[in-house]
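In: curious how this folds, go ahead:
(2 chains)
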Amino acid sequence: MKRRLSVFVLALTMVMPSLALAESADEILAKTDKAINNYNDMSMTSIMHIKESSGAEKTREMKIWLKGEQRLVKFTKPATDAGISLLSTDSSTNYVYLPAYKKVRRVASHVRNQTFMGTDFSQEDMAILRYGDDFTPTLKSEDENTYTLEVTRKPDAKISYSKLQLIVNKKSYVVERIDYFDNGGDKVKTEVRSDFKEIPGNEGVYPVPTTITMTDAKTGHETVLKQEDLTINKGLDDEFFSQRNLKRPVR
Amino acid sequence: MSRISSSWMVAVAVVSAAVVSMVRPAAAQEWVTFRGYVETDNRMTIEGESEFTFNENTFGMTVEAFPSDEVRLLGSFQIDALNTQERTDEEGSITIDEQQRRDSTDPVRLELDEAYMMVTGLGLPDLDVKIGKQRIQWGTADQFNPTDNLNPDDFHDPLLFGKKTPTPAIQAQYYLGDFTFTAVYLPQFYPSLLPEQDLRPIYEKNYEELAGEFHINTGSDRLDVLFKGLMLKAIQQAELGDVAVRAKLPQNGPSSAGAGGKIATNVAGVDVSTSYAYVYDDFGVPRRVNLTVDPLSTGFQFIDSVDLEINNEFYRMHVIGGDFAMNVPGLDTGLWGEGAYFIPADRFDTDYFLDMGPDVNDILGSIAHRDISDGVVISQDHPLDDNYFKCTIGTDYTFPGAWFINAQYIRGLPTDNTAETVSDYIFAGVDKPFVHDQIKVRFFAGYSFVDDSYELLPTVYFFPVDAIELQMGALLVGGDLDTKFGAFGDDIGFFRAKAFF
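Out: Take a look at the predicted model:
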């Protein structure tokens, strides 16, 4: 009897592999959160190309350091913005250093859902680290390579979007595309992550997108973010994310 | 510390930056950075007959060098090409000598903004020391900081009200966990830079108030009666003649040095700090005011004008301050507040002397059996008898549609430097970006409760391409010339273009 059951299970597994390996939306999102946080700390150079509707293009260049919720951003180009630095130690503690005023200022969290330096990104877009903390997932569909998850904002979450639609790679669990929806349920922008570069992470390989394109759904305005000089686990300590460091110039 | 030693600090920083730039050119790309800007700033009156009032073209540059991981050298300067009209007399004329000099026909000004060296981890890993000409910014409030009294005020440009001038200093900051300890030593006193505005309406108003309060007390009843009978009424009804204002700087030495300390930390998500400074007021308070008349030429009862000579002095003060800044939980709103309690350490009076010329002074002095060769005291104020408190509290929020609102109440602007002059104001601003931040419209307004004067500052910013900023706007003021904002003068329009590199 026991042998018959084993053969049945094996046969079922072979015939219906997708049914046997089916993952719940929660499991997929948990794996996604783990995959995109497969590091302790990260630093990179980000170059944002802002494509105006007139055809003109503007460029923002910055150095970014990340560790958990902590984030330090220092602008290096254009010259208008060079030296401006942003420090975020948690969702409600943000500082900006403006070299023209030689002063560090506390910035309230109302700025998080505003556009970031004229780009199509908001600080909030870049600060979402774990989708499972703020969203409840539903598996909408899947194909050979990807899952499509719809994640809906939890009632107590401090997120301006009502829901996101995530396209998740089945193999690596990284996010390849995000559609953002406002409180009215309208799509406001789309983020496409591509040109993944595989680097050693905390556990196995960490695929990092080196190109991220954010497109405004209404205007077609587009920002292409290129991530260069990406390194992880340099051993940044918490003191690195301090006002002392915020004021220091980039070398 | 003497003037020489403070100059030495600046010189060391400047020379170090220069030497670093010259000695290691091969590595310049790696550890010397240059950034700067070119700006043109043009203003004209927009009421009555339009007139260009301001035209400056500026080249500004900042050089930073990092000779090692621990050392940072910074020098920043600007060269301003001024409008020739700024060098003319009241009739708009220059002399032939001036027309023969380039500094008159093509005037240029060089300003050294900051020049300092900063050493990180000096002796202790968490100790930073900065020495040289520097801006020391205290306070968490927006633009007007009652605790920020280490650098002198720069009132030169009404559009940059609240600006301060960097001065030589030694600053040490020690970081211990969530605490930051700051100690500052300022070897030398620097007065504030006053605006190039017509101050006469203010003096006329002050004289009018002063004249009504004159009392004569020579120590001789007979002489007092003589004064009152002969000329008091005439003086009270006389017009204001010439006005001369002088300011006596404190003795240049260790006794005029300033110092301060601050402790900052975060308590339950709120940034807080407390500070103390022992510095000079940089605006000045009249110590002696001479009212000069010439009764021998006009007759005692027919004095028609009084010349004023105001002798200001700068007083020492203790400033005890505190501030906070926070994100209001649940509202995502910024809230900040700052207060400072000013305790004058020099409590001198303001004496008003009537000077009738040496001959009359001597004659009247002999009658009164008193030495009144310098004149006779006819009034006295006590501006520094009382301590005073300045504070500000403000909030900001971004509403849907990227409408940024900022509002703050202020008690005491930088020019309010005695208990009697501290008054109340409110400032508010709205920012709204358009076209992905290519255009930004800002509307800023200020109101003075003490005299109902106000300022309106609408500005449009345009960023057509990277590194270019264009500004167009107006400064509209309401109030007489002797009021807080009315003193800015005529309404002006301005256009600025700035290119960064």
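
In: local confidence estimate at residue 168?
Out: Unless you meant another one, I'm taking chain A. On the pLDDT scale, A:Val168 is placed at 94.

In: chain B was what I was after
Out: Looking at B:Pro168, the pLDDT reads 96.

In: what bridges to the residue nearest the centre of chain B?
Out: Most central in chain B under Cα atoms, centre = their mean is B:Asp153, positioned 2.7 Å from the mean C-alpha point. On the basis of DSSP bridges, B:Asp153 is bridged to B:Lys164.

In: please look at it and B:Phe283 and confirm they touch.
Out: Yes - using Cβ atoms under 8 Å, B:Asp153 is in contact with B:Phe283, at 7.0 Å. C-beta coordinates here come from the backbone N, C-alpha and C atoms, glycine included.

In: which residues do those two both contact?
Out: Applying Cβ atoms under 8 Å, 6 or more residues apart in numbering or on different chains, one finds that B:Asp153 and B:Phe283 are jointly contacted by B:Ser192, B:Pro414, B:Thr415.

In: let's have these in CSV, adding pLDDT and secondary structure.
Out: Formatted as CSV, the shared contacts of B:Asp153 and B:Phe283 follow (pLDDT from 0 to 100; DSSP: H, G, I helix; E, B strand; the rest coil):
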residue, pLDDT, secondary structure
B:Ser192, 95, coil
B:Pro414, 91, coil
B:Thr415, 90, coil
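
In: are any of the residues you listed buried, and if so which?
Out: B:Ser192, B:Pro414 (16 or more other Cβ atoms under 10 Å in any protein chain shown).

In: just name the closest of the shared contacts of B:Asp153 and B:Phe283 to A:Thr190, please.
Out: B:Pro414 (49.8 Å; Cβ to Cβ).

In: please report the distance of the closest residue to the closest one other than its chain neighbours from chain A.
Out: The shortest distance from B:Pro414 to any non-neighbouring residue, by Cβ to Cβ, 6 or more residues apart in numbering or on different chains, is to B:Asp153 (4.7 Å). Distance of B:Asp153 to chain A, given as Cβ to the nearest Cβ, to the nearest Å: 15 Å.

In: tell me how far B:Asp153 lies from B:Gln134.
Out: Distance, B:Asp153 to B:Gln134, using Cβ to Cβ, to the nearest Å: 16 Å.

In: residues contacting B:Leu470?
Out: B:Leu470 neighbours (Cβ under 8 Å, 6+ apart): B:Tyr461, B:Phe462, B:Phe463, B:Pro464, B:Phe495, B:Arg496, B:Ala497, B:Lys498.

In: and these near chain A, which?
Out: B:Phe463 (Cβ under 8 Å from any Cβ of the partner chain).

In: flag every residue of the stretch 1-150 of chain B that's near chain A.
Out: Counting by Cβ under 8 Å from any Cβ, the stretch 1-150 of chain B comes close to chain A at B:Trp31, B:Thr33, B:Arg35, B:Tyr37, B:Glu64, B:Phe66, B:Arg72, B:Asp128, B:Arg135, B:Gln137, B:Thr140, B:Asp142.

In: the residue nearest to B:Thr418 when sequence neighbours are not counted: how many residues sit nearby?
Out: Spatially, and ignoring its direct neighbours in sequence, B:Thr418 is nearest to B:Pro383 (4.3 Å; Cβ to Cβ, 6+ apart). The number of residues packed near B:Pro383 is 19, by other Cβ atoms under 10 Å in any protein chain shown.

In: shouldn't B:Pro383 be in contact with B:Gly284?
Out: No - with contact defined as Cβ under 8 Å, B:Pro383 does not reach B:Gly284; the gap is 10.9 Å.

In: hmm, which helix or strand of chain B has the shakiest average pLDDT?
Out: Every helix and strand of chain B was ranked by mean pLDDT, DSSP states H and E. The lowest is helix B:3-23, at a mean of 48.

In: partner residues bridging B:Val289?
Out: Residues in beta-bridge contact with B:Val289 (DSSP bridges): B:Ile310, B:Tyr352.

In: quick one: the one helix or strand B:Trp336 maps to near chain A?
Out: Following DSSP states H and E, one finds B:Trp336 within strand B:333-344. Yes - Strand B:333-344 reaches chain A (Cβ under 8 Å from any Cβ) through B:Thr333, B:Gly334, B:Leu335, B:Trp336.

In: and B:Phe488, its phi and psi?
Out: Reported as degrees, to the nearest 10, the phi and psi values for B:Phe488 are phi -70, psi -20.

In: low pLDDT regions in the stretch 101-250 of chain B?
Out: Within the stretch 101-250 of chain B, the segments meeting pLDDT under 70 span B:217-219.

In: mind listing the strands for chain A?
Out: A:42-51, A:57-67, A:70-77, A:85-90, A:93-98, A:103-107, A:135-142, A:146-153, A:163-169, A:175-181, A:187-200, A:205-216, A:222-232 (DSSP state E).

In: can I get the ones you listed in a markdown table with mean neighbour count?
Out: Shown next, in a markdown table, are the strands of chain A (neighbours: other Cβ atoms under 10 Å in any protein chain shown):
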| stretch | mean neighbour count |
| --- | --- |
| strand A:42-51 | 19 |
| strand A:57-67 | 19 |
| strand A:70-77 | 20 |
| strand A:85-90 | 20 |
| strand A:93-98 | 19 |
| strand A:103-107 | 19 |
| strand A:135-142 | 17 |
| strand A:146-153 | 19 |
| strand A:163-169 | 21 |
| strand A:175-181 | 20 |
| strand A:187-200 | 16 |
| strand A:205-216 | 19 |
| strand A:222-232 | 17 |
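
In: nearest to chain B, out of these?
Out: strand A:103-107 (3.9 Å; Cβ to the nearest Cβ).

In: got the angle between that closest one and strand A:93-98?
Out: 150 degrees (axes from the mean of the first three to the mean of the last three Cα atoms, to 10 degrees).

In: which parts of the stretch 151-300 of chain B sit against chain A?
Out: Neighbours of chain A within the stretch 151-300 of chain B, by Cβ under 8 Å from any Cβ: B:Gln173, B:Tyr175, B:Thr180, B:Asn266, B:Gly269, B:Asp271.

In: helices of chain B, start to end?
Out: B:3-23, B:28-31, B:96-99, B:102-105, B:200-211, B:221-227, B:233-237, B:295-298, B:358-368 (DSSP state H).

In: B:Phe34 - how many residues pack around it?
Out: 12.

In: quick check: it touching B:Ala65?
Out: No - B:Phe34 lies out of contact with B:Ala65 (Cβ under 8 Å); the separation is 9.9 Å.

In: ok, B:Tyr185 - contacts?
Out: B:Tyr185 neighbours (Cβ under 8 Å, 6+ apart): B:Met1, B:Ala169, B:Ile170, B:Gln171, B:Ala257, B:Gly258, B:Ala259.

In: right, I'll call it a day here.
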